[in-house]
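K.L.:
Sequence and computational prediction follow.
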Amino acid sequence: MTQHASLPLLTGNITLDEALDDEDDVLQKISYPEKRLDLCSYLHAHAADIEAIAAHHLGLPANSCKVPWVNEWLHGSFNICIPIYVNETKQVMIRFPLPYKVGELACPGNAAEKLRTEVATYAWIQSHCPDVPIPRLWGFSFPGGLTVSDIPRESKYHDVANFLVGAAVHLALPSSRPLTTRMVPTELRRMDPRASSPVTLCSPPSSQVSLGRLHTG
């Protein structure tokens, strides 16, 4: 790279002089645009799987959920967020950690650990601070197949889910107050065995997803 040439970053470009003055790992930074393109290409190629995951958590037929074109996707520092259209209306967001930003290659399991801490925070706030407006968490999935979905309060599984999750939290945090949750493990058939990235499905706190009833068994 000549002194005045530049290479693309996720935001803007960087010259040789700027790279030499930068205290961060610039070689890592300049690898991000290609890695993001690869990830977007992979996710777009598996749009049908993403639609099935969203429909599963919402308790809807798979053809009710649609993934839009890539230009509607949102890229953050550590996640890529894909809006999901439910019956042709944008209502929920499915979020994937960026493996190249969370150190998944160097330390496998980082992305899953990130998701565990995030969903635990969601569950704690929903239980202990219900007046705090946060996105509605419809469900999440981990590599290996573990899938957890929200269930309606009238479901026969509601009390069982509360007991199991509450007992697990109490064992991990004995001083914690009892935790109320509607999350329960559910079965999701993965159409692509390589689809192993952890995901979360959320909607704004004030939104109402049309026909968004979860499976009641």
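P.N.:
Good, I have the coordinates.
K.L.:
what comes up buried for stretch 18-32?
P.N.:
For stretch 18-32, the neighbour count (16 or more other C-beta atoms under 10 Å) marks 19, 26, 29-30, 32 as buried. The way it works is simple: take the backbone N, C-alpha and C, and place the C-beta from them, glycine included.
K.L.:
Repeat that for stretch 49-69.
P.N.:
49-60, 64-67.
K.L.:
Kindly report the same for stretch 137-151.
P.N.:
For stretch 137-151, using 16+ other C-beta under 10 Å, the buried residues are 137-143, 147-151.
K.L.:
List phi and psi for Gly12.
P.N.:
Dihedral angles of Gly12 (phi, psi; degrees, to the nearest 10) stand at phi 80, psi -160.
K.L.:
What is the neighbour count of the closest residue in space to Ala111 that isn't next to it in sequence?
P.N.:
Excluding its sequence neighbours, the residue lying closest to Ala111 (C-beta to C-beta, 6 or more residues apart in numbering) is Pro97, at 4.2 Å. Number of residues near Pro97 (other C-beta atoms under 10 Å) recorded here: 23.
K.L.:
ok, Pro97 touching Asn79?
P.N.:
Yes - contact status for Pro97 versus Asn79: in contact at 5.7 Å, counting by C-beta atoms under 8 Å.
K.L.:
picking that back up, just the buried residues of stretch 49-69: which are in strands?
P.N.:
Among the buried residues of stretch 49-69, the members falling in strands (DSSP state E) are 65-66.
K.L.:
Pretty sure Pro133 sits in a strand.
P.N.:
No - secondary structure of Pro133 (DSSP: H, G, I helix; E, B strand; the rest coil): coil, not part of a strand.
K.L.:
which secondary element of this protein has the worst mean pLDDT?
P.N.:
helix 158-172 (a mean of 53; mean pLDDT, DSSP states H and E).
K.L.:
Low-confidence bits of this protein, can you list those?
P.N.:
The chain contains residues with pLDDT under 70 at 1-4, 145, 151-198, 203-217.
K.L.:
All the strands of it, residue numbers only.
P.N.:
Using DSSP E, strands in the chain cover 6-8, 13-15, 65-66, 74-75, 79-86, 89-97, 136-141, 147-150, 183-186, 199-203.
K.L.:
and Asp38, which of those is closest to it?
P.N.:
The closest of the strands of the chain to Asp38 is strand 79-86. By C-beta to C-beta, the value is 11.8 Å.
K.L.:
Just checking: what are the partner strands of the closest one?
P.N.:
According to DSSP bridges, strand 79-86 forms sheet pairs with strand 65-66 (antiparallel), strand 74-75 (antiparallel), strand 89-97 (antiparallel).
K.L.:
hmm, who's touching the first one?
P.N.:
By C-beta atoms under 8 Å, 6 or more residues apart in numbering, the list of residues contacting strand 65-66 from outside reads 51-52, 54-55, 58, 84-86, 88.
K.L.:
again, only this time at 7 Å
P.N.:
51, 54-55, 84-86 (C-beta atoms under 7 Å, 6 or more residues apart in numbering).
K.L.:
Just give me the closest of those residues to Ala5.
P.N.:
Of the contacts of strand 65-66, the one sitting nearest to Ala5 (C-beta to C-beta) turns out to be Ile84, at 40.5 Å.
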